[in-house]
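Peer 1: Structure here, sequence nowhere to be found:
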């Protein structure tokens, strides 16, 4: 285990320290959760996903708090992404 690995495991990941690493991933919209339309983009194949801004972050992310502005209506893929889970830790490691 490297120093970066242990740093990720030593800190319990919570809403106040998560750093929103997952908000830089592509979030496909597979079900209707009531996402406001101005946060959605459609690709050339007709698939819908969360719009990302020029900086690469999800358009629904509040840049000041790093919290989702549509948390109650977020896409299914975001709901299933487990804070502190294996994918979350992998994204945090990639950021280090």
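Peer 2: Arrived safely, thanks for sending. If you're wondering where the values come from, they're calculated on a predicted model, not measured in any experiment.

Peer 1: contacts, neighbours, all on C-alpha from now
Peer 2: Fine.

Peer 1: and the longest helix anywhere in the chain, which residues are buried?
Peer 2: What stands out as the longest helix in the chain, according to DSSP state H, is helix 86-95. Applying a neighbour-count criterion of 16 or more other CA atoms under 10 Å, one finds 88-89, 92 buried in helix 86-95.

Peer 1: got TSV for these, with distance to residue 13 and pLDDT too?
Peer 2: What follows is the buried residues of helix 86-95, written out as TSV (distance: CA to CA, whole Å; pLDDT from 0 to 100):
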residue	distance to residue 13	pLDDT
88	9	89
89	9	88
92	10	85
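
Peer 1: Next, format the residues you listed as TSV and append distance to residue 22.
Peer 2: Shown next, in TSV, are the buried residues of helix 86-95 (distance: CA to CA, whole Å):
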residue	distance to residue 22
88	7
89	10
92	9
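
Peer 1: circling back: could you check how far the longest helix of the chain is from the centre of its chain?
Peer 2: Chain-centre distance of helix 86-95: 11 Å, with CA atoms, centre = their mean, to the nearest Å.

Peer 1: would you list every one of the helices in the chain?
Peer 2: 3-10, 76-80, 86-95.

Peer 1: Determine which of those helices shows the lowest mean per-residue pLDDT.
Peer 2: Lowest mean pLDDT within the helices of the chain: helix 3-10, at a mean of 49.

Peer 1: helices and strands of this structure: which one has the lowest mean pLDDT?
Peer 2: Sorting the helices and strands of the chain by mean pLDDT, DSSP states H and E puts helix 3-10 at the bottom, at a mean of 49.
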